[in-house]
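> Next one to model:
(one chain, ligands or ions: 2)
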Amino acid sequence: MTRPLDAIFSPRSVAVVGASRRRDSLGFSLLHNLVVNELNGAIFPVNPQARAIHSLKCYPSVAAIPDPVDLAVIMVPRDLVQGVVEECLAKGVGGLVVITAGFSETGEEGAALERRLRETVRAAGVRMIGPNCMGVINADPAVRLDATFAPTPAQHGAIGFVSQSGALGVAILNVAQDLGVGLTQFVSMGNKADVSGNDLLEHWEDDPETKVIAMYLESFGNPRRFTEIAKRVTRKKPILVVKSGRTAEGARAATSHTGAIAGTDVTVSAFLDQCGVLRANTIEELFDVARALARCPLPGGFRVGIVTNAGGPGIMATDACVNLGLHMAELSDATRATLRSFLPREASVVNPVDMIASATAEHYARTVAAVLDDPQVDMAMVINVTPILTNPIDVMEAIGAVARERTKPVLAVMMATEEFYDAVKTARDLPPVYHFPESAARVMFLLARYAAWRRRPADLPAPEFDTDDAQVAAILDATPEGYLDPAATFRVLELYGVPLVRWRLARARDEALAAAREIGFPVVLKAVAPGLVHKSDIGAVQVDLRGEAELAKAAAEMERRITAAGHPLEAFLVQEMARGGHEVIFGITTDPRFGPLLMFGLGGKYVEVFQDVRFAVTPLDAEEAREVIRGIRGFKLLEGVRGEPGADLELLAEILLRLAQLSQRHPRIRELDINPFLAGHDRAIARALDARIRVGQT
Ligand code: ADP
Ligand code: MG
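Residues are numbered from 1 along each chain as shown. Ligands and ions are numbered 1, 2, ... in the order given. Below you'll find the model as predicted:
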């Protein structure tokens, strides 16, 4: 035993303090699980009121146990826990699991007890899981530890699973059993007073048996440390996370577009993406992906070959793949000729390959081999709708034999009976099998995403831009709290190298005329007024004013309109009329846990309607910035469609990086929107047309 958590995961002796004879108690269930799973070691029940429990000799106290104790599982009433822990430490136990609840989850009194517990174990250098947890499992056949009170045991497999919720832990073990998924170890962390999710990541990082790490999380204790560890661990093995809940943290009052769209949930997704962690939406999806990661090699890219014996599911599979951003592989002439040579004439030999209903196991084997051997194919989805004549198990075995000899992932979609699933679900040498093409497509997408992460260069530094930050700070500091005025806002952007449309501020109508003459017609006129944030809502923006008369009239009307709307005019903003390009939005908002958050997406007046945006946490490297830009649904628009020129994508990525630097160096910025930014096909015409910056106290 050399690693810090070994005494907990691989104990040669376990004391159960608070074991009980009452069959309906947790203290009995846990002891029972240890016994029936045949722990490879000694079990010592501790209870001063009993002579024997579950046919095991019972001890009145930990101190009374004559043998050494590696692991103590504690389930005594809350107020006795501290004393028992101290007794265990005096006895020299190697590790602790505290099941007892009633600590920080119940309020300040419990939190104080929990802090004391932490200080005690930390001072002794002994690791503790819990309190308020469901226990731990090590399914390794050499250990066979089940120190939980869950009714479902865990099969041995390749997944390390940590759950922040005890109640959900029980459900997780049930789902794992239903799907035939095996685990290396399972931990319910409870309140994480000592051992955290980060510690478990490090524990599994170098454990050769654990091929996949799965986490059910409700919160991130320390996002910065998680980032550091996860970025390192995901280089070696995948981490899958189900993160529950949109928490109250997300419900912040926000007036900017960015603030209104951002919520904790998108933040978490962006954060996990940037750590290379895969996010699943449900426990079931997590296991779907975990099964594939545990059994399949990683794909070389996003191109899928589909093989089916029925047209409908082939089309469903194609739609699902394409919608997720996977590509349908284009099969080569050679592959098509091979397929033609043995498939019936009615078969379709383009992707999706439809072998038609007469396909035999032999047809499956030859077709899947030909498709996988095509260099255009990165992975294959093999669909079988069970006809009367072929046995789906034969089909599975035929596919399995082909897949085992290849280095590309193969996923099976079998529309077959539950008996079939019961027969194949635990067969680890067969490809992972799914009920529907949509689930398999989602798994393939996450596999490809993870493979892309592994190919990506590690630890790119965030680029640095030469900026006059003293001057930026001086401008920001002139506003104690709230929105900067337009001139200050534009100055900050100028100092950070964001290209701006030509603009002038004019205090009165005649000044506006002079400004327009300087800029050159046509111009755009906007009103500046205290508290006026969304200008076009109240008619405070007039575009394409072509001459002095038009401008003068527009200015007079605008002043009347906005005064009537309760916004006394402070000044006019006159801008050059910009044309061409796509309206995009850049934004900064701040998250209480994750810090500054960047946003990019399609902009203009309809941002909130389409919400086609992506977020990124800081710091941000150049490749991450490009991924954010490429990641919006409407990216094709920016690349240029139907003969329209595309946008200068490198410039967009650069602006995102510049804003990342701004947000990190100037934490007083709470929200920033540049909307719209007109993204032209070349730098010369790309510029910001409107922006706002809100600052807060530090
Ligand atoms: P707000 O967002 O406060 O309503 P904007 O300044 O963003 O006001 O203007 C609203 C819309 O008017 C923009 O989305 C853009 O389509 C158009 N617009 C604003 N400024 C210009 C400009 N200088 N050139 C061309 N169009 C502009
Ligand atoms: Mg705007």
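> so how far is Thr563 from the residue sitting furthest away from the middle of the chain?
For the chain, the C-alpha lying farthest from the average C-alpha position belongs to Ala549; by C-alpha atoms, centre = their mean, that distance is 55.3 Å. Per C-beta to C-beta, to the nearest Å, Ala549 is found 22 Å from Thr563. Every residue, glycine included, has its C-beta placed from N, CA and C.
> do Arg303 as well
Going from Arg303 to Thr563 by C-beta to C-beta gives 61 Å.
> Neighbour count: these two, which is higher?
Using other C-beta atoms under 10 Å, the more surrounded residue of Arg303 and Thr563 is Arg303, with 20 against 13.
> for the closest residue to the more buried one other than its chain neighbours, what are its contacts?
Taking C-beta to C-beta, 6 or more residues apart in numbering as the measure, Arg303 lies nearest to Ala329, with 4.0 Å between them; neighbours along the chain are not counted. When contacts are counted by C-beta atoms under 8 Å, 6 or more residues apart in numbering, Ala329 touches 303-305, 351, 374, 376-378.
> Not counting its own residues, what contacts stretch 100-120?
Surrounding stretch 100-120, the residues in contact under the criterion C-beta under 8 Å, 6+ apart are 18, 74-79, 81-82, 85-86, 89, 98, 128, 130-132, 191, 193-194.
> Which ones among those residues map onto helices?
78-79, 81-82, 85-86, 89 (DSSP state H).
> burial measure for Thr2, as a count.
Thr2 has 4 neighbours, counted by other C-beta under 10 Å.
> my bad, should have said Asp648
Counted with other C-beta under 10 Å, Asp648 comes out at 19.
> hang on, isn't it packed against Ala684?
No - the pair Asp648 and Ala684 does not pass the contact test of C-beta atoms under 8 Å, sitting 9.4 Å apart.
> hey, where'd the helices end up in the stretch 1-150 of the chain?
6-9, 26-36, 78-91, 108-124 (DSSP state H, counting those that start in this stretch).
> tell me the angle of the last one relative to helix 78-91?
Okay, so that is helix 108-124. On the basis of axes from the mean of the first three to the mean of the last three C-alpha atoms, to 10 degrees, helix 108-124 is oriented at 0 degrees to helix 78-91.
> Then the second one?
Using the same axes, to 10 degrees, the interaxial angle of helix 26-36 with respect to helix 78-91 works out to 40 degrees.
> now could you export just the CA positions of helix 26-36 as CSV?
Extracted in CSV, the C-alpha atoms of helix 26-36 (Å, rounded to 0.1, in the frame of the first residue of the first chain):
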residue,chain,number,x,y,z
LEU,A,26,-28.0,0.8,7.5
GLY,A,27,-25.6,-0.7,10.1
PHE,A,28,-26.7,-4.1,9.2
SER,A,29,-26.9,-3.6,5.4
LEU,A,30,-23.4,-2.4,5.2
LEU,A,31,-22.0,-5.3,7.3
HIS,A,32,-24.1,-7.7,5.2
ASN,A,33,-22.6,-6.3,1.9
LEU,A,34,-19.1,-6.7,3.2
VAL,A,35,-19.9,-10.3,4.1
VAL,A,36,-21.8,-11.5,1.1
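> Report the contact partners of Leu298.
Leu298 touches 409, 447, 450-451, 454, counting by C-beta under 8 Å, 6+ apart.
> Doesn't it belong to a strand?
No - according to DSSP: H, G, I helix; E, B strand; the rest coil, the state of Leu298 is coil, so it is not within a strand.
> Next, it: phi, psi?
phi -80, psi 140 (degrees, to the nearest 10).
> Ok, Arg449 next?
phi -60, psi -50.
> per-residue confidence for Leu637?
At Leu637 the predicted local distance difference test score is 89.
> What about it? Give its phi and psi, please.
Note on Leu637: its backbone torsions stand at phi -60, psi -40 [degrees, to the nearest 10].
> What parts of the stretch 301-450 of the chain come near ligand 2?
Applying the criterion C-beta under 5 Å from the ion, no portion of the stretch 301-450 of the chain neighbours ligand 2.
> Quick check: closest non-adjacent residue to the residue in the stretch 301-450 of the chain positioned nearest to ligand 1.
In the stretch 301-450 of the chain, no residue comes nearer to ligand 1 than Gly325, which is 28.5 Å away by C-beta to the nearest ligand atom. Spatially, and ignoring its direct neighbours in sequence, Gly325 is nearest to Phe445 (6.6 Å; C-beta to C-beta, 6+ apart).
> Okay, buried residues for whichever strand or helix holds Leu372 please.
Leu372 is part of helix 361-373, with elements assigned from DSSP states H and E. By neighbour count with 16 or more other C-beta atoms under 10 Å, helix 361-373 contains the buried residues 361, 363-372.
> Let me have those in a markdown table, adding pLDDT and distance to Ala334 as columns.
Formatted as a markdown table, those follow (pLDDT from 0 to 100; distance: C-beta to C-beta, whole Å):
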| residue | pLDDT | distance to Ala334 |
| --- | --- | --- |
| Ala361 | 94 | 24 |
| His363 | 97 | 19 |
| Tyr364 | 97 | 20 |
| Ala365 | 97 | 18 |
| Arg366 | 98 | 14 |
| Thr367 | 98 | 14 |
| Val368 | 98 | 16 |
| Ala369 | 98 | 13 |
| Ala370 | 98 | 9 |
| Val371 | 98 | 12 |
| Leu372 | 98 | 14 |
